[in-house]
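Asks: got a predicted model here, sequence first, then my questions.
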Amino acid sequence: MLILSRKTNESIVIDGRITVKIVRVDGDVVKLGVEAPPDVPVHRQEVYDEIQRNNKEALTQGRPVLPRLPESKTKKNLKGQIVAGTTA
């Protein structure tokens, strides 16, 4: 982990695309400003952890079984026309 000291209104740049600026220090609370491209998600750690938990849960849950439709004696194509060789 890289540890840097910054004062109010000073910044760090990550990968030339993300800027993190110290906006204000109020006691033990630091206000940060983050500038990042729209394709770079930026989340608080607890929000990121919840997203990851939800994604894992969604992957481990099986898909619901869909009921099968009864087969018809007449088969139609996507335009609703009866397909040759089937009975009406």
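Replies: Done, it's in. Residues are numbered from 1 along each chain as shown.
Asks: please make it C-alpha for all contacts and neighbour counts, starting now.
Replies: OK.
Asks: give me the residue at the spatial middle of the chain.
Replies: The residue lying closest to the centre of the chain (C-alpha atoms, centre = their mean) is residue 51, at 7.6 Å.
Asks: in a helix, that residue, correct?
Replies: Yes - counting by DSSP: H, G, I helix; E, B strand; the rest coil, one finds residue 51 located in a helix.
Asks: that one and residue 45: what is the separation?
Replies: Plainly put, residue 51 is 10 Å away from residue 45 if you go by C-alpha to C-alpha, to the nearest Å.
Asks: how far away is residue 20 from residue 60?
Replies: For residue 20, the distance to residue 60 (C-alpha to C-alpha) stands at 36 Å.
Asks: between the two, who's got more neighbours?
Replies: residue 20 (16 against 8; other C-alpha atoms under 10 Å).
Asks: the more buried one against residue 35, yeah?
Replies: Yes - in this structure, residue 20 is within contact of residue 35 by C-alpha atoms under 8 Å, at 6.5 Å.
Asks: just name the shakiest helix or strand of the protein by mean pLDDT.
Replies: Between all helices and strands in the chain, the lowest mean by mean pLDDT, DSSP states H and E belongs to helix 45-60, at a mean of 92.
Asks: pull the residues that contact the helix or strand residue 22 falls within.
Replies: Residue 22 is located in strand 18-26, with elements delineated by DSSP states H and E. Contacts to strand 18-26, defined as C-alpha atoms under 8 Å, 6 or more residues apart in numbering, come from residues 6-14, 30-37.
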